[in-house]
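Peer 1: pasting the sequence and the predicted coordinates here, then a few questions.
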Amino acid sequence: MPVADSVQLGENVKIFHPSLVNLYGCVIGKDSKIGAFVEIQKGATIGERCKISSHTFICEGVDIENEVFVGHGVMFTNDLFPRAANPDGSLQTEADWKVEKTVVRRGASIGSNATIVAGITIGEFALIGAGAVVTKDVPPYAVAAGVPAKVIGDTRKR
């Protein structure tokens, strides 16, 4: 089911190709736009007037505030120490790990193919460069780029 019944969609949400997305247990705010091949997992929230571009993965524990732009192929993570199995060899379940919360504040923009590591906050109106790997909090209005991402500018000075 591309858009599960458990999804809470705000007014005027535009999903360009509903048969080519995987949305379940998430909340998407009004007037947001969702591209093709996007997965948004349970417990994730997308604010109002956001743009989520194609091939993006937004996992459980991610909160995206209003007016955020997410480029193509952006990957969020929610586990700092992912493992397939426990020390005893048993396959891990949801009970064996803790979701790390990630927050993207209002008006931020994330460039295509960026990876956002679990447990960080991207500040208001910050700009994340394409291909960046964000491993630490990004202050409001910062421009961050590279691997790992470092602050290289200020969005108010362009």
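Peer 2: The structure has been received and is ready for your questions.
Peer 1: okay, CA-based contacts and neighbour counts for the rest of this
Peer 2: Fine.
Peer 1: residue 56 touches residue 23, doesn't it?
Peer 2: No: applying CA atoms under 8 Å as the test, residue 56 and residue 23 come out as separate, 11.6 Å apart.
Peer 1: stretch 19-34: which residues count as buried?
Peer 2: 20-34 (16 or more other CA atoms under 10 Å).
Peer 1: just the residues you listed: which are in strands?
Peer 2: Judged by DSSP state E, the subset of the buried residues of stretch 19-34 located in strands is 22, 23, 27, 28, 33, 34.
Peer 1: would you mind confirming that the first one makes contact with residue 34?
Peer 2: What that stands for is residue 22. No: contact between residue 22 and residue 34 fails when scored by CA under 8 Å: they sit 10.7 Å apart.
Peer 1: related to what we said a few turns ago, mutual contacts of residue 56 and residue 23, please.
Peer 2: Counting by CA atoms under 8 Å, 6 or more residues apart in numbering, the contacts common to residue 56 and residue 23 are 38, 39.
Peer 1: dump the ones in strands among the buried residues of stretch 19-34 into a markdown table; add distance to residue 15 and pLDDT as well.
Peer 2: A markdown table is the format used below for those (distance: CA to CA, whole Å; pLDDT from 0 to 100):
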| residue | distance to residue 15 | pLDDT |
| --- | --- | --- |
| 22 | 11 | 96 |
| 23 | 10 | 97 |
| 27 | 13 | 98 |
| 28 | 11 | 98 |
| 33 | 6 | 98 |
| 34 | 5 | 98 |
